[in-house]
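1. pasting the sequence and the predicted coordinates here, then a few questions.
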Number of protein chains: 4
Amino acid sequence: MPRIKTPDKEQAILEAAARVFSGRPFHEALIDDVAARARVGKGTIYRYFQTKEDLFFAAILHSFDELSAALAVSLERETSPVKRLERIAREVLSFSWERRDLFALLLSDERRFPEREEELQKRREAISRLVQEAILEGIRRREFRGIDARVGAELFRGMIRAANSLRPREETLDELVSEIVGIFTHGIERDGR
Amino acid sequence: MPRIKTPDKEQAILEAAARVFSGRPFHEALIDDVAARARVGKGTIYRYFQTKEDLFFAAILHSFDELSAALAVSLERETSPVKRLERIAREVLSFSWERRDLFALLLSDERRFPEREEELQKRREAISRLVQEAILEGIRRREFRGIDARVGAELFRGMIRAANSLRPREETLDELVSEIVGIFTHGIERDGR
Amino acid sequence: MPRIKTPDKEQAILEAAARVFSGRPFHEALIDDVAARARVGKGTIYRYFQTKEDLFFAAILHSFDELSAALAVSLERETSPVKRLERIAREVLSFSWERRDLFALLLSDERRFPEREEELQKRREAISRLVQEAILEGIRRREFRGIDARVGAELFRGMIRAANSLRPREETLDELVSEIVGIFTHGIERDGR
Amino acid sequence: MPRIKTPDKEQAILEAAARVFSGRPFHEALIDDVAARARVGKGTIYRYFQTKEDLFFAAILHSFDELSAALAVSLERETSPVKRLERIAREVLSFSWERRDLFALLLSDERRFPEREEELQKRREAISRLVQEAILEGIRRREFRGIDARVGAELFRGMIRAANSLRPREETLDELVSEIVGIFTHGIERDGR
DNA sequence: AATGAATGAGTATTCATTCAT
DNA sequence: AATGAATGAATACTCATTCAT
């Protein structure tokens, strides 16, 4: 009986690709590097992915899905809108920490690859929807005012992204999260105005 | 008498580079395209810029400087912090509209080219400083609470960046600006809480 | 009890190889294609043939041998030199009809693989010898003039090869055969000269 | 003023390609070899030819055209059909001598590259037509009997091709030529029959 | 024995950079 | 100074061959 395609080999490749594509621009990330990192023959990569670009996107999607899974766990049972926003911020920030460059593209809203846009968009929407739901729940609870949830969610994501590049040391994560959520919910206006 | 490097030729190249680098990833943007667009021989580009990367960064810096000039004009004589933030948001949004992709990198805080980081950083700081100053002035005027101006400025920039990718039609610019500044200053919390 | 190499599996592979190598140049004919066509695992092919080149030549030799067998049957009991030439022409033409491309190489006298040359040569000689014998018999019978039988045989084979690429429809086979043999025996000179 | 594309560079590449593609199968003929032989950078080849296959066909066509030119010179002023056939045979044989492998494809009537077939066919026809014309003239002069000139021409070309692979030493050229033309015109039938 | 997943040597092709004019 | 022809280093991708099962 022959060897069969092992899903874990595909996993290893995706993992390796995520690492390699993070930290250097696409054209400097070599398939050879991915192969070496995944401890896999170069040809093997091409058994699983048609082209370098395919691999690149697969790696992004894969990372995205990991993030989604982490978020699902984190948000479970938390109903308070503000706290949900906090968890989202914390989760996204800490998750994208090591994959900063990969996530640059992922979170950025480049539209350079129209063919892949759909799938990427789906993932972005998934995150965005979590934020929107928190906002809408807040509005329902009369904790938030009635803003456009979609716009609000995007702006919130924008803050997270920006925070990501503030490159906090570990310890600053909490502060950063509360700053983001604080500004997003209270604004920077002076109390009592 | 030998001809000398003409500044307008350099301008043309930078202009062309900005266009070409916008809308396609670095490795798909060809020097040939830039040369063609600038109506200049390929060799000529290398009289003005050492490498493709140099040209790339020069184009970014050039665009950045154009933005700064536009901002300087717009902010002149406006002293109200909130209004200054509004103008910054509006100016950045409308300016980066056509150069969306170039600005993605520009505003993003990738740190892939450590050698160039300094100059880029300087430009980013220039914009950031304008935001920080508005925030600090607001704090001084007791309109804003005492937040970390640097962090605040980054988060504000993050919202602008996000708004940029919401791709508003022309008409939505004002709404978007007021949404950004509204959330940034008042937060989304319900009034009267 | 271990299974053993089955001759019919080897047959299937050779058959498939003949098909695949026909109709596409060597470097475009893939082992995968042969395996698929033979409904056999790729590894299996390497149990029967050392290399792709080996398989290629084996396929040629195999086809050649089929032709030889067909010729042997056809020539049996026919003693007239002219009629023998006719049968050879007809047999070769009809046989190579479906394997036109494979035979192009087979009949062509490339000398690119000196190591294999010997075996190929042996096969070519086998056919050639049949022609030579017919010629020699004709000379013996005083039907033909005393030409160099080897050269004559080659030229005769060349005409067949050329005829093959004239791509006659089925019906033209007889005409073509008689044209070849007619020219070869009578020439195109006007009668009575 | 910039350097301009020099036709002689293209010539050099075609010349080199003809040499390299002769004597080894397509997939073993390396672009690097062609570049080295033409004393030209590898990239230069791609300035003149889109792909390796393009180069290959261009080399064939080029060789073909050289042959045609040689034939035109040789046939000038010779009106006797038999002598014209002789000259054609001699010219083709001696010309394709060194380019044997290249001509294998050229003369062979493979139809593997349908897109290029047209141009190749045009060249083959050009040679074939010369033979046909000689045959038709012979018929007109009542030196030849009324055969199908097209078929006759192909068979004649087939003999030449076969002769080419008989690999005569220099000295055998004349004999070979007269054997071919002899058989083609008189056949091998015994005189007086 | 048979299989097909895995491998990596081998190469066509691209494109930034150079340089003759 | 300006040009674009020439260059070759760099790399994605293929596919014959191997080998674990």
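-> Now that the structure is in, tell me what you want to look at. Numbers count the residues shown, from 1 in each chain, chains lettered A, B, ... in the order given.
2. the residue positioned nearest the centre of chain A is in what secondary structure piece?
-> In chain A, the centroid-proximal residue (Cα atoms, centre = their mean) is A:F64; its distance is 5.1 Å. Using DSSP states H and E, A:F64 falls within helix A:52-75.
3. wait, does that helix contact chain B?
-> No: against chain B, helix A:52-75 shows no contacts by Cβ under 8 Å from any Cβ of the partner chain, the least distance being 10.0 Å. Where you see a C-beta, it was placed from the backbone N, CA and C, and this is true even at glycine.
4. and the average pLDDT for that helix is what?
-> Averaged over helix A:52-75, pLDDT sits at 92.
5. list the buried residues of that helix.
-> For helix A:52-75, a neighbour-count test (16 or more other Cβ atoms under 10 Å in any protein chain shown) marks A:52, A:55-64, A:67-68, A:71, A:74-75 as buried.
6. without its sequence neighbours, what residue ends up closest to the residue nearest to the centre of chain A?
-> A:R123 (4.2 Å; Cβ to Cβ, 6 or more residues apart in numbering or on different chains).
7. quickly find the element holding the one you found.
-> Counting by DSSP H and E, A:R123 is found in helix A:114-140.
8. elements contacting that helix?
-> helix A:52-75, helix A:81-97, helix A:100-107, helix A:149-165 (3 or more Cβ pairs under 8 Å, 6 or more residues apart in numbering or on different chains; DSSP states H and E).
9. what angle sits between that helix and helix A:81-97?
-> Angle, helix A:114-140 to helix A:81-97, by axes from the mean of the first three to the mean of the last three Cα atoms, to 10 degrees: 150 degrees.
10. now do helix A:114-140 against helix A:149-165, angle only.
-> 110 degrees.
11. right, and A:T44 touches A:K9 too?
-> Yes: taking contacts as Cβ atoms under 8 Å, A:T44 lies within contact range of A:K9: 6.8 Å.
12. closest to DNA strand E out of the helices and strands packed on helix A:114-140?
-> In terms of Cβ to the nearest atom of the strand, the element of the helices and strands packed on helix A:114-140 nearest to DNA strand E is helix A:52-75, at 12.5 Å.
13. now do the closest one: which elements does it pack against?
-> Using 3+ Cβ pairs under 8 Å, 6+ apart: helix A:52-75 touches helix A:7-21, helix A:31-38, helix A:81-97, helix A:100-107, helix A:114-140.
14. for chain A, name the helix or strand with the lowest mean pLDDT.
-> The weakest-scoring helix or strand in chain A, judged by mean pLDDT, DSSP states H and E, is helix A:100-107 (a mean of 64).
15. quick check: the residue of chain A nearest DNA strand E.
-> Residue of chain A nearest DNA strand E, by Cβ to the nearest atom of the strand: A:G43 (1.6 Å).
16. any idea how far A:R19 is from that residue?
-> 20 Å (Cβ to Cβ, to the nearest Å).
17. equivalent analysis for A:K83, please.
-> Applying Cβ to Cβ to A:K83 and A:R19 gives a distance of 32 Å.
18. repeat that for A:K122.
-> For A:K122, the distance to A:R19 - Cβ to Cβ - is 24 Å.
19. chain A against DNA strand F: which residues are in contact?
-> Selection of chain A residues close to DNA strand F by Cβ under 7 Å from any atom of the strand yields A:1-3, A:27-32, A:42-43, A:46, A:51-53.
20. are stretch A:141-151 and chain B in contact anywhere?
-> Yes: shown here: stretch A:141-151 in contact with chain B (Cβ under 8 Å from any Cβ) through A:142-145, A:147-148, A:151.
21. please pick the buried ones from those residues.
-> Judged by 16+ other Cβ under 10 Å, buried ones among the residues of stretch A:141-151 next to chain B: A:143-145, A:147, A:151.
22. so where's chain A shaky on pLDDT?
-> A:1-2, A:100-101, A:103-114, A:167-171, A:191-193 (pLDDT under 70).
23. correct me, but A:I160 touches A:A89?
-> Yes: between A:I160 and A:A89 there is a contact at 5.5 Å, judged by Cβ under 8 Å.
24. and those two? Which one has more around it.
-> Just comparing A:I160 and A:A89: by other Cβ atoms under 10 Å in any protein chain shown the higher neighbour count belongs to A:I160, 27 against 24.
25. surely A:R99 and A:S22 touch.
-> Yes: shown here, A:R99 and A:S22 form a contact pair, counting by Cβ under 8 Å, at 4.8 Å.
26. residues making contact with the helix holding A:F64?
-> For helix A:52-75, the surrounding residues in contact (Cβ atoms under 8 Å, 6 or more residues apart in numbering or on different chains) are A:13-14, A:17-18, A:21, A:26, A:29, A:31, A:34, A:45, A:48-49, A:84, A:87-88, A:90-92, A:95-96, A:99, A:102-103, A:105-106, A:113, A:116, A:119-120, A:123, A:126-127, A:130.
27. what angle do it and helix A:31-38 make?
-> 40 degrees.
28. is helix A:52-75 anywhere near DNA strand E?
-> No: using Cβ under 7 Å from any atom of the strand, helix A:52-75 stays clear of DNA strand E, coming no nearer than 12.5 Å.
29. for DNA strand E, what are the nearby residues on chain A?
-> A:1-6, A:9, A:39-44, A:46-47.
30. sitting in helices, which of those residues do you find?
-> Per DSSP state H, helices hold the following members of the residues of chain A next to DNA strand E: A:9, A:42-44, A:46-47.
31. could I get these as TSV with neighbour count?
-> Rendered in TSV, the data for those read as follows (neighbours: other Cβ atoms under 10 Å in any protein chain shown):
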residue	neighbour count
A:K9	17
A:K42	13
A:G43	8
A:T44	17
A:Y46	15
A:R47	13
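32. phi, psi for A:E189 please.
-> phi -70, psi 150 (degrees, to the nearest 10).
33. not counting sequence-adjacent ones, nearest residue to it?
-> That would be B:T185: by Cβ to Cβ, 6+ apart, it lies 4.8 Å from A:E189.
34. mind listing what the one you found touches?
-> Counting by Cβ under 8 Å, 6+ apart, B:T185 has contacts A:187-189, B:82, B:85, B:144.
35. and which of the residues you listed is nearest to D:T172?
-> Nearest to D:T172 among the contacts of B:T185: B:L85, at 95.6 Å, using Cβ to Cβ.
36. for the closest one, the count of nearby residues, please.
-> By other Cβ under 10 Å, neighbour count at B:L85 equals 25.
37. quick revisit: tell me which two in the residues of chain A next to DNA strand E are the farthest apart.
-> Based on Cβ to Cβ, the longest span within the residues of chain A next to DNA strand E runs between A:M1 and A:K42 and measures 25.8 Å.
38. now, which of the residues of stretch A:141-151 next to chain B lie within helices?
-> Short answer: those in helices (DSSP H) are A:V151.
39. export the helix holding A:F64 to PDB, keeping only CA atoms.
-> Only the C-alpha atoms of helix A:52-75 are listed here, as PDB (Å, rounded to 0.1, in the frame of the first residue of the first chain):
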ATOM      1  CA  LYS A  52       3.900  30.200  -4.900                       C
ATOM      2  CA  GLU A  53       1.100  32.600  -4.800                       C
ATOM      3  CA  ASP A  54      -1.400  29.900  -4.000                       C
ATOM      4  CA  LEU A  55       0.800  28.800  -1.200                       C
ATOM      5  CA  PHE A  56       1.000  32.400   0.000                       C
ATOM      6  CA  PHE A  57      -2.700  32.800   0.100                       C
ATOM      7  CA  ALA A  58      -3.300  29.400   1.600                       C
ATOM      8  CA  ALA A  59      -0.900  30.400   4.400                       C
ATOM      9  CA  ILE A  60      -2.800  33.600   5.000                       C
ATOM     10  CA  LEU A  61      -6.100  31.900   5.100                       C
ATOM     11  CA  HIS A  62      -4.800  29.300   7.400                       C
ATOM     12  CA  SER A  63      -3.500  31.900   9.800                       C
ATOM     13  CA  PHE A  64      -6.700  33.600   9.600                       C
ATOM     14  CA  ASP A  65      -8.600  30.500  10.500                       C
ATOM     15  CA  GLU A  66      -6.300  29.900  13.400                       C
ATOM     16  CA  LEU A  67      -7.200  33.400  14.600                       C
ATOM     17  CA  SER A  68     -10.900  32.800  14.200                       C
ATOM     18  CA  ALA A  69     -10.700  29.600  16.200                       C
ATOM     19  CA  ALA A  70      -8.800  31.400  19.000                       C
ATOM     20  CA  LEU A  71     -11.400  34.100  18.900                       C
ATOM     21  CA  ALA A  72     -14.300  31.700  19.100                       C
ATOM     22  CA  VAL A  73     -12.800  30.200  22.200                       C
ATOM     23  CA  SER A  74     -12.100  33.500  23.800                       C
ATOM     24  CA  LEU A  75     -15.500  35.000  23.200                       C
END
